[in-house]
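1. Give me the fold of what follows.
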Amino acid sequence: MKTRVPQDGILLENRQQAALASCGTSARAIHDAILVEALRLHNLGLSLALDYGAGTGELAAKLVQERLFEEVHAVDLVPYPGASSDGICWHFADLNEPLNDLETRFDVIFAVEVIEHLENPRALAREWFRLLKPGGWIVCSTPNNETWRSIASLIFRGCYVAFGPLNYPAHITPLLSVDLQRVFKEAGFEAIDFKYTNHGALPCLTRRTWQSISGGLLRGQRFSDNVIAIGRKPTNGE
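-> Residues are numbered from 1 along each chain as shown. The predicted structure follows:
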């Protein structure tokens with residue numbers, strides 16, 4: 001099944017170029033942390049998952065391989081070269097727009113490193129809420145702009161470390177944890193929680209991590225390159 005991609009000329013072309021600039025992949029540390037959450041949700045008996053902004057489908061493929069969900073769907077704007085397809089139901093659509101052709105309601109939506117690529121996080125959260133079944137979960141990761149490294153970048157370079165010139169136009173929407181909390185709450189989500197990848201590069205020495213120099217003791221918000229926001233749609237949600 002494929003959803004329709006709106007043909008909006010230059011706007012759509014720019015979005016496609018920005019999507020391809022990201023290469024459709026995420027760091028292993030992010031996927032490892034997401035899979036911990038996927039296992040937890042699997043243990044709750046949830047069966048239908050959507051990889052939202054799936055890129056090359058690497059995460060969706062892992063969900064299939066680990067048999068964490070009975071059915072795995074994936075959606076993105078463009079079909080990336082080498083995208084995995086085995087056992088995945090793919091859809092293609094502009095994620096800046098509502099997925100009106102996607103009628104399935106999901107138990108879990110994974111949105112890994114996608115919200116920072118899109119233009120309107122509040123509209124996005126409302127779309128996730130709509131696509132979830134009552135009692136369903138959203139698991140969303142994004143660059144953590146509250147690390148010491150990112151704060152230093154903001155002070156000395158005028159931008160968060162993941163939102164500099166080399167990341168543009170792929171990364172356009174930086175969010176803090178307070179922003180994510182507000183966005184999720186305003187969309188109707190409850191049980192909002194935050195996790196961290198506990199993998200963070202050192203300022204100016206990006207091949208080394210806080211964890212490697214501290215024996216793993218430096219963890220959490222100030223020392224993790226990525227944050228994972230989790231929320232649940234109320235069981236009486238429509």
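2. looking at this structure, which helix or strand does the model trust least?
-> helix 10-21 (a mean of 57; mean pLDDT, DSSP states H and E).
3. List the buried residues of the next helix or strand after it.
-> The first helix or strand that comes after helix 10-21 along the chain, using DSSP states H and E, is helix 28-42. By neighbour count, and taking 16 or more other C-beta atoms under 10 Å as the criterion, the buried residues in helix 28-42 are 29-31, 33-35, 37-38, 41-42. Using the backbone N, CA and C atoms, a C-beta is placed for each residue, glycine as well.
4. Tell me the helix or strand right after helix 28-42.
-> Toward the C-terminal end, the helix or strand that comes next after helix 28-42 (DSSP H and E) is strand 48-52.
5. Need the residues that contact that following strand.
-> Contacts of strand 48-52 from elsewhere in the structure, counted by C-beta atoms under 8 Å, 6 or more residues apart in numbering, are 38, 57, 59-60, 63, 68-75, 88, 95, 104-112, 114, 128, 131, 133.
6. what about 6 Å?
-> Contacts made with strand 48-52 from outside it, assessed by C-beta atoms under 6 Å, 6 or more residues apart in numbering, are listed as 59-60, 63, 69, 71-75, 106-111.
7. Who are the contact partners of the most centrally placed residue in the chain?
-> Within the chain, one residue has its C-alpha closest to the average C-alpha position: by C-alpha atoms, centre = their mean, that is residue 112, at 2.2 Å. For residue 112, the contacting residues are 26, 34, 59, 141, taking C-beta under 6 Å, 6+ apart as the criterion.
8. and it, how far is that from residue 220?
-> Applying C-beta to C-beta, to the nearest Å, one obtains 20 Å for the distance of residue 112 from residue 220.
9. got it, and residue 131?
-> Computed as C-beta to C-beta, the residue 131 to residue 220 distance reads 30 Å.
10. again, but for residue 53
-> Noted for residue 53: a distance of 25 Å to residue 220, by C-beta to C-beta.
11. of these two, who's got more company?
-> Using other C-beta atoms under 10 Å, the more surrounded residue of residue 53 and residue 220 is residue 53, with 26 against 16.
12. measure the closest residue to that one other than its chain neighbours to residue 234 for me?
-> Excluding its sequence neighbours, the residue lying closest to residue 53 (C-beta to C-beta, 6 or more residues apart in numbering) is residue 114, at 2.9 Å. If you measure residue 114 against residue 234 using C-beta to C-beta, the figure is 24 Å.
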